[in-house]
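*Asks:* just coords:
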């Protein structure tokens, strides 16, 4: 019994060059079959007739047809890419619209107590996107100030507040902002001269510091200001006097000519 006749024999491998040659061999056999058929039908066929027969059978390479197919495929790919870009732009605009509406609703709910009820009209107005979400939020100071602890650098000052609807809020200030806000608040206070307390604002030379009625008063002297040291009955009056003195000194410094201008005037 030979290996080829054995029922469990392994078939011999097909050479690689034979596998590669099969497509080319099929094309050649197809072309030969077309030529033979044309010659049997009419032996007077010319070479052009045989070539046309192969063309009709789809055996010849048509460069124009291949270019037309390539051009059509390229145009279709461009159209598909343009459609995808248009859809992506539409998706992005839709995402931005929904994100803006989400921010509007969040702003509407900001500062409200968790148990507060919202009207449907307020929510619809926020979702509309064409109407303002509401007036500026009103805050009430909780009479607390949480200053920097000093444990870490660049700490902020927190001013706890409560919204008109009972929500918690806080004003966050850095060191520069805290000083600016304090100066602005002090600048809007009543002037110290308007205090009706007897002796408030009196010169240190005229007021007897041993008088029990002035116990706890503040003696303030601002460098560069006229009038010397003065006594003030409360921190409110002392701060108002300090703010007024600083404003007066700032205005005087702004009105004074610099050295170059002064030298030019003397010449």
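*Replies:* Here it is on my side, so go on. As the structure is a computational prediction, the values presented were derived from the model and not from experiment. Numbering: from 1, shown residues only.

*Asks:* distance of residue 161 from residue 172?
*Replies:* Distance of residue 161 to residue 172, computed by CB to CB, to the nearest Å: 11 Å. Just so you know, the C-beta spots here come from the backbone N, C-alpha and C atoms, and that holds for glycine as well.

*Asks:* Then residue 151?
*Replies:* Counting by CB to CB, the gap from residue 151 to residue 172 is 17 Å.

*Asks:* go on, residue 242?
*Replies:* 26 Å.

*Asks:* of the two, who's got more company?
*Replies:* residue 242 (19 against 9; other CB atoms under 10 Å).

*Asks:* Helix or strand: which one has the more buried one?
*Replies:* helix 235-255 (DSSP states H and E).

*Asks:* So which elements touch that helix?
*Replies:* With contacts defined as 3 or more CB pairs under 8 Å, 6 or more residues apart in numbering; DSSP states H and E, helix 235-255 has these neighbours: helix 175-187, strand 218-220, strand 230-232.

*Asks:* I would like the residues contacting the last one, please.
*Replies:* Strand 230-232 has contacts (CB atoms under 8 Å, 6 or more residues apart in numbering) with 192, 195, 199-204, 207, 209, 214, 217-221, 238, 241.

*Asks:* could you redo the last one with a cut-off of 6 Å?
*Replies:* For strand 230-232, contacts defined as CB atoms under 6 Å, 6 or more residues apart in numbering pick out 200, 201, 202, 203, 207, 217, 218, 219, 220, 238, 241.

*Asks:* A helix includes the first one, no?
*Replies:* No - secondary structure assignment places residue 200 outside any helix; it is coil (DSSP: H, G, I helix; E, B strand; the rest coil).

*Asks:* That one is in contact with residue 233, isn't it?
*Replies:* Yes - between residue 200 and residue 233 there is a contact under CB atoms under 6 Å: 4.2 Å.
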